[in-house]
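Q: What would the 3D arrangement of this be:
(chains A and B)
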Amino acid sequence: MDFPLFHLDFMGNRMLVAVIAILHVLINHALAVGFAPLVTLLEFRGYLKSKTKPEEGKVWDETARKLMFFAFVITTTVGALTGVGIWFAASLANPASLGSLIRVFYFAWFTEWIVFVLEVIFIMVYFLTWKKSNESPKNKRRHILFGVWLSIFSWLTMAIIVGILGFMMDPGSWVEKNSLVTGFLNPLYLPQLVFRTPVAMMMAGTVALMFVAYVMKKQNQWKTGILKYISFWILLWMPVAASGAFLYYWHIPRAMIGNLPVALGTQQFQDWYGSLITVMIVVIAIGFTVGILGTFSPRRLPKHLLIIPVIASFLFLGTFERIREFIRKPYVIGNYMYANGILVEEYPLYKETGLLPHTPYASMSTITESNKLAAGEAVFTLACTRCHTTHGISSVVRKFERMYGTENPLNEEAMKVYMQNMHNVRHYMPPFPGNDTELNALAAYLAEQQKRPKTLEGPQIKGVDVKEIKY
Amino acid sequence: MMLTVLNQIPVPKDIPLPMPLPEWLLVIILVFSFLLHILFINIMIGGGVLTFWYELKGKKNKDYDNLAREIAATITVNKSLAVVLGVAPLLSINVLYTLYFYSSNALTGNIWISIVPWVAVSFLLFYLHKYSWDRLADNKPVHLGILGIAVFSFLLIPFIFLTNINLMLFPERWGEIQGFFDALTLPNVFPRYFHFITASMAVTGLFLAFWFGRKGFKTKGKFESLSKNEIKKQMLNLALVATGLQFIFGPLLFLTLPAKGITWGLFWVILAGATLAGIVLYQLWKMINAQSNIPGKRFYLVLGLFTFLVAFMGTGRHMYRESALSTHKKMMAERTAAHWDAVRQAHENLLLPQVESEAGSYTPGQNIFQTNCVICHAPATRLIGPSMAEAVPVYENNADALKQWIKEPGRKRMDYPPMAGFPHFTEKQLTDVANYVLQTEWN
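A: Residues are numbered from 1 along each chain as shown, chains lettered A, B, ... in the order given. Purely as a prediction, here's the structure:
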């Protein structure tokens, strides 16, 4: 309503946010939260070994350094930028919601930022002083201590962000209590943390295993020892990850009761929930297999198949990430703001007077025969484009065609009836926010879009219409 | 005349939530954290340019190649700090200027979001360049090419930020802008850009003079003929020339500022900054000629002056933003207040007894049917589900079976999708809707 609404008519805005966010979470969990302790441990082992077998200790140390180099390069480039990128993308995809969230969560994010600054400083100190640390055992010990600090701060960054996410996901508590503490008291917070921590460790292990298998020369006599150790790391974390996953799995439906009032929401959730257990069993089986094989017979680890546990553990996290979809829709902020950026409280006004008179970014306020299609486009932009495109991913035309078939052109009356009530049967969608004439215009626009498809360009390409509003 | 201009100004309503902190505190956080962020951005960009320059010179004189390498090492740290320190001002500008900042983001959206992959790739190229120095020692064109792309990106990316920050000050222009390149050509962007790049070079010169001047930096073994003094001198010269150039770009920037935000207060603040710049220039000149120690007394003096200079400029920047937006902010506040009055009114209207409205005459069963079933069932035509005329006769005199179906539908017509059930309906709701369905004539 109050912002020019950025729109990608092929990819969809949500996909943009999803791609950046998923990339960030994967890098953060695997290469920061999990890698820091793993690398520190390898370095420590190398330090211990170097007392009796300096040569072997050196190889361990060098391998740990190479792993850290890899993590350093990725986290300080793609990792850091996708972190900022989530903000950029979210502000484009749903400016009203991000703008509101930042007002509420300013302190949380500020705290998160301070921890994050410290994390970056530690990672730089840790990696960039590595070679110097080999000059004396005293330096080495101090260096290892830095590794420990890095591990702690990486984990803290994650722990805080999980709290913020938990708070954002918990409908209800926000409006009523409006305090950050409720985020950390969210019933899903602890299960999530108990789940994410070992999974991050496991992900780091699988990545490290593959990395070492490829980077170290076969002739290197210490290679199997290192592979074995990393496999053992995976094996150790597997039971924790498995119990964490089950704990989380068990808690999800219990924490969500009341959030899924409508049958279909439940059905979709059930589908996902059902497939979750399969994913869990498969991934855990793969994890155990690799862990056991690598621990007891590292030489037999099939180098080229080591990508499988990496993908599996990434999928593991990814499948769980989907939970947010179910909890939040149709709200972006529980019971306060719908995903279309419109406040629950404003609905009566818009239902009464329509949306268009209240936005400066549509050329018309009233709908006539001649501007009906243009008005329909404006209504579509306000009410649907945060989640749908015209003909791209999650295309609204195709959604209607899937429902009504393609034998006949889309029926405007039927679409109107549908849109008036869609929130009752399709729980994930907010109610249609406008009045009756706007609904007519929208239905006409959708029917026209089916007949003569036309890409809906966002303001980043075609600009915005501006009109004066009387107040 | 006034009216036609006003007509084009979009007046959105503000976000109806309180600020997390008093506004003045947020402003202090914004200005301070922004300056810190931009300091590292400056030395990151300047460092990139100088690395390129010295490595190019290094093709003839190995010493310069080594110097370039020393500078490149600082970029790794500076760029990471630059990014992470950017989060605080980003947060603060998001809170303070939500409506303005997000609007200009959206209007330049595709280029704005391209910052993310673009900067990530530039950073990767910097690493590639840094860690392939020895391996590509015999293939300088490739090595320089990698750096060249990264540095070139660093020089272009500020345009995106400046365009956005500039565009957000001019809501009256939003209606005319079609994409990034339109916004780029607004009057003030290019002067801002040159001002910024020159500042980067000045800051980098000062920073590197300190970096190579400090006691801990040993030239022994690194350079054949290049002396510490010579490096220092070159860096200070750079700072001197760049600061001098600001006396061209600064006034240019000031003169191209659209008049709407210029106040006397702003003028004095900028003038004070410019005066300090004059003193900095003089002190730099003396430092070069006297070959003063770095760090040393005079260096700290220059650093102090420079800090004040930057603080003045930063404050000026903020003052302009505030006064440029003050009228618009007032309009927005008024509109927001009026809007919420209207919202309250609408809530009260809802409470009035419904006069002759259609919905008012519905029976409970009809109501449930309208809101839950009509989406898929029409009286006589096929929608997602079969027509009611077709579906209902099966249940003639058998309300219980119908209720069972609604609660947990089975599967009958294989050319239809399955119907979703309504297990959350209460017994009363089920009875109401079943009775309504059975008692209605559907043809």
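Q: C-alpha from now on. contacts and neighbour counts both.
A: Fine.
Q: B:Pro423 belongs to a helix?
A: No: read with DSSP: H, G, I helix; E, B strand; the rest coil, B:Pro423 is coil and lies in no helix.
Q: how close does the closest residue in space to it that isn't next to it in sequence sit to B:His424?
A: Leaving aside its chain neighbours, B:Pro423 sits nearest to B:Lys407 (4.7 Å; criterion: C-alpha to C-alpha, 6 or more residues apart in numbering or on different chains). The gap separating B:Lys407 from B:His424 is 8 Å, by C-alpha to C-alpha, to the nearest Å.
Q: B:Asn367 now?
A: 16 Å.
Q: quick one: contacts for B:Thr243?
A: B:198-199, B:202, B:277, B:281 (C-alpha atoms under 8 Å, 6 or more residues apart in numbering or on different chains).
Q: what does A:Thr77 give?
A: B:119-121, B:123-124.
Q: repeat that for 7 Å
A: B:120, B:123-124 (C-alpha atoms under 7 Å, 6 or more residues apart in numbering or on different chains).
Q: how about the residues you listed in JSON lines, adding distance to chain A and secondary structure?
A: JSON lines is the format used below for the contacts of A:Thr77 (distance: C-alpha to the nearest C-alpha, whole Å; DSSP: H, G, I helix; E, B strand; the rest coil):
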{"residue": "B:Ala120", "distance to chain A": "5", "secondary structure": "helix"}
{"residue": "B:Phe123", "distance to chain A": "6", "secondary structure": "helix"}
{"residue": "B:Leu124", "distance to chain A": "6", "secondary structure": "helix"}
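Q: can you pick the most crowded of those residues?
A: With neighbours taken as other C-alpha atoms under 10 Å in any protein chain shown, the top of those is B:Phe123, carrying 26 neighbours.
Q: Next, the closest residue to it other than its chain neighbours: phi, psi?
A: Spatial nearest neighbour of B:Phe123, chain neighbours left out: A:Thr77 (5.8 Å); criterion: C-alpha to C-alpha, 6+ apart. Phi and psi for A:Thr77, reported as degrees, to the nearest 10, are phi -110, psi -80.
Q: thinking again about what came up before, pick out whichever of B:Lys407 and B:His424 has more residues nearby.
A: The neighbour comparison of B:Lys407 against B:His424 (other C-alpha under 10 Å) goes to B:Lys407, with 19 against 12.
Q: Would you confirm that the more buried one contacts B:Met419?
A: No: contact criterion C-alpha atoms under 7 Å: B:Lys407 and B:Met419 do not qualify, at 10.4 Å.
Q: What is the neighbour count of B:Ala290?
A: B:Ala290 has 9 nearby residues by other C-alpha under 10 Å.
Q: Identify the residues contacting it.
A: B:Ala290 touches nothing, counting by C-alpha under 7 Å, 6+ apart.
Q: what about it, distance to chain A?
A: Distance of B:Ala290 to chain A, computed by C-alpha to the nearest C-alpha, to the nearest Å: 36 Å.
Q: Checking the residue lying farthest from the centre of chain B next. Helix, strand or coil?
A: In chain B, the residue that sits farthest from the middle, by C-alpha atoms, centre = their mean, is B:Asn397; the gap is 64.9 Å. Three-state call for B:Asn397 (three-state DSSP): coil.
Q: which residue ranges form the helices in the stretch 1-150 of chain B?
A: Listed in chain order, the helices of the stretch 1-150 of chain B (DSSP state H, counting those that start in this stretch) span B:2-7, B:23-57, B:62-85, B:87-96, B:98-107, B:109-131, B:140-167.
Q: Could I have the CA atoms of stretch B:127-138 written out in PDB?
A: The C-alpha trace of stretch B:127-138 is given here as PDB (Å, rounded to 0.1, in the frame of the first residue of the first chain):
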ATOM      1  CA  TYR B 127      41.100 -13.700  -2.700                       C
ATOM      2  CA  LEU B 128      41.900 -15.300  -6.000                       C
ATOM      3  CA  HIS B 129      44.300 -12.500  -6.800                       C
ATOM      4  CA  LYS B 130      45.900 -12.500  -3.400                       C
ATOM      5  CA  TYR B 131      46.400 -16.200  -3.200                       C
ATOM      6  CA  SER B 132      47.600 -16.600  -6.800                       C
ATOM      7  CA  TRP B 133      50.400 -14.000  -6.500                       C
ATOM      8  CA  ASP B 134      53.200 -16.500  -6.700                       C
ATOM      9  CA  ARG B 135      51.600 -18.900  -9.100                       C
ATOM     10  CA  LEU B 136      50.800 -16.200 -11.600                       C
ATOM     11  CA  ALA B 137      54.000 -14.300 -11.100                       C
ATOM     12  CA  ASP B 138      55.000 -15.100 -14.700                       C
END
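Q: residues making contact with that stretch?
A: With contacts defined as C-alpha under 7 Å, 6+ apart, stretch B:127-138 is touched by B:72, B:143, B:146-147.
Q: Can you get me a residue count around B:Lys297?
A: Neighbour tally, B:Lys297, other C-alpha under 10 Å: 11.
Q: just B:Glu23 next, same as before
A: B:Glu23: 12 neighbours (other C-alpha under 10 Å).
Q: repeat for A:Thr278
A: For A:Thr278, the count of nearby residues is 11 (other C-alpha under 10 Å).
Q: For it, give me its contacts.
A: Per C-alpha under 7 Å, 6+ apart, neighbours of A:Thr278: none.
Q: Can you point out the helix or strand that includes it?
A: helix A:263-296 (DSSP states H and E).
Q: quick one: buried residues of that helix?
A: Buried positions in helix A:263-296, judged by neighbour count with 16 or more other C-alpha atoms under 10 Å in any protein chain shown: A:263-266, A:269, A:272-273, A:276, A:279-280, A:283-284, A:286-288, A:290-295.
Q: Now do that helix: distance to the chain's middle.
A: Here the centre of helix A:263-296 is set off from its chain's centre by 19 Å, with C-alpha atoms, centre = their mean, to the nearest Å.
Q: tell me the mean pLDDT for the helix or strand just after that helix?
A: Going down the chain from helix A:263-296, the next helix or strand is helix A:307-321, by DSSP H and E. For helix A:307-321, mean pLDDT rounds to 85.
Q: Let me know the pLDDT of residue 260.
A: Picking chain A for this. Reported pLDDT for A:Leu260: 49.
Q: oops, I was thinking of chain B
A: Looking at B:Lys260, its pLDDT reads 84.
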